[in-house]
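**Q** Here is my input; please provide its structure:
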Amino acid sequence: QVQLVESGGGLVQAGGSLRLSCAASGRTSSSYTMGWFRQAPGKEREFVAAISWNGDRIYTVDSMKGRFTISRDNAKNTVYLQLNSLNAEDTAVYYCAAGPNAPTAWGMDPRYWGQGTQVTVSS
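**A** Residues are numbered from 1 along each chain as shown. Okay, here's the model as predicted:
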């Protein structure tokens, strides 16, 4: 079992930045692929980015490349999502996810989810 707790969300003006954190706990959490998804009001949850357990594979949705950066610190069992140049369309609940399989360009296979953290961008 892996537990995930997100933090770092909040209200930010358009053009601003936030860094989301996800602290993982559990016996095998450091060996899992970690990733981020988001769900905007009235929309389906969508994949944002994922990183393999050792960081050698990173995939980010094309539309978010250059603005969003995923990273991880296995010593701290934490994965991060740096959000830059935010706009109103980025307003959503951001969810951390963990899964045992390697990420691909199409996303990841999440087995565990965090509770989500709200990001609101004011225009």
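**Q** Tell me how far Arg45 lies from Pro110.
**A** Relative to Pro110, Arg45 is positioned 10 Å away (C-beta to C-beta, to the nearest Å). Glycine gets a C-beta too; all of them are placed from N, C-alpha and C.
**Q** list the residues that contact both of the two?
**A** Common neighbours of Arg45 and Pro110, counting by C-beta atoms under 8 Å, 6 or more residues apart in numbering, are Phe37.
**Q** can you tell me which residues contact Ile58?
**A** Ile58 neighbours (C-beta under 8 Å, 6+ apart): Ala49, Ala50, Ile51, Ser52, Ile70, Pro103.
**Q** Give me the local confidence score for the fourth one.
**A** Confidence at Ser52, expressed as pLDDT, is 96.
**Q** do the first one as well
**A** Among the per-residue scores, Ala49 shows a pLDDT of 97.
**Q** what about it, neighbour count?
**A** Neighbourhood size, Ala49 [other C-beta atoms under 10 Å]: 25.
**Q** swap in the fourth one?
**A** The local packing of Ser52 (other C-beta under 10 Å) involves 19 other residues.
**Q** Now do the residue nearest the centre of the chain, the pLDDT please.
**A** Nearest to the mean C-alpha position of the chain, by C-alpha atoms, centre = their mean, lies Trp36 at 2.4 Å. Per-residue confidence (pLDDT) for Trp36: 98.
**Q** and Gly35, what are its phi and psi?
**A** Reported as degrees, to the nearest 10, the phi and psi values for Gly35 are phi -160, psi 180.
**Q** nope, Asp90 is what I meant
**A** phi -90, psi 0.
**Q** Tell me the bridge partners for the closest residue in space to it that isn't next to it in sequence.
**A** Sequence neighbours aside, Val121 is the residue nearest to Asp90 in space, at 5.3 Å (criterion: C-beta to C-beta, 6 or more residues apart in numbering). Applying DSSP bridges to Val121 gives these bridge partners: Val12.
**Q** How about the contacts made by Val121?
**A** Leu11, Val12, Gln13, Ala14, Gly16, Leu86, Asn87, Ala88, Glu89, Asp90, Thr91.
**Q** what about the nearest residue to Ala88 once chain neighbours are set aside, neighbour count?
**A** Among residues not flanking Ala88 along the chain, Ser123 sits closest, at 4.5 Å (C-beta to C-beta, 6+ apart). If you count neighbours by other C-beta under 10 Å, Ser123 ends up with 9.
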